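*Asks:* Provided below are the primary sequence and the corresponding predicted coordinates.
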Amino acid sequence: MAIYEYRCDQHGAFEVTRAIGTAPASIACPTCERGARRVFSKPMLVSTPSALVAAIDHAEQTREEPDLVTSLPPADPRRRTPVLPLTPTLRRLPRP
């Protein structure tokens, strides 16, 4: 089953559920019974997060020629090395 969108000139858009490929070009409006034409819209793109769309687009653009990295990203100032208790076992480990 698929959801098809139709638009009535007086009452706006409404949706109809039908089997795939069986939607007519026009259908009667459920409110006024006048003819409403079928509207083609993008399927489920509204609910896709914009960050995901950007990541997919970037992956497509760099499929053949990857981006060149010229330097390391800046270090996060909030990230700190964890302080461990100096037990006899941990004292023997090399320190950074």
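*Replies:* That came through fine. All figures in this text were calculated on a predicted structure; none of them were measured in a lab. Numbers count the residues shown, from 1 in each chain.
*Asks:* For Phe14, what is the enclosing helix or strand?
*Replies:* strand 12-18 (DSSP states H and E).
*Asks:* Tell me which other helices or strands that strand touches.
*Replies:* strand 2-8 (3 or more C-beta pairs under 8 Å, 6 or more residues apart in numbering; DSSP states H and E). To be clear about C-beta, it is placed using only N, CA and C from the backbone, and glycine gets the same treatment.
*Asks:* Would you pull up how far the strand it packs on lies from the middle of the chain?
*Replies:* Computed by C-alpha atoms, centre = their mean, to the nearest Å, the chain-centroid distance of strand 2-8 equals 23 Å.
*Asks:* and it, which residues are buried?
*Replies:* Using 16 or more other C-beta atoms under 10 Å as the test for burial, strand 2-8 gives Tyr4, Tyr6, Cys8.
*Asks:* which stretches of the protein form helices?
*Replies:* Using DSSP state H, the helices of the chain run over residues 50-61, 88-91.
*Asks:* thinking again about what came up before, ok, residues contacting the strand holding Phe14?
*Replies:* Strand 12-18 has contacts (C-beta atoms under 8 Å, 6 or more residues apart in numbering) with 1-8, 23, 27, 29-30, 36, 39.
*Asks:* now the helices of the chain as JSON lines including distance to Arg78?
*Replies:* Below are the helices of the chain laid out as JSON lines (distance: least, C-beta to C-beta, whole Å):
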{"stretch": "helix 50-61", "distance to Arg78": "21"}
{"stretch": "helix 88-91", "distance to Arg78": "25"}
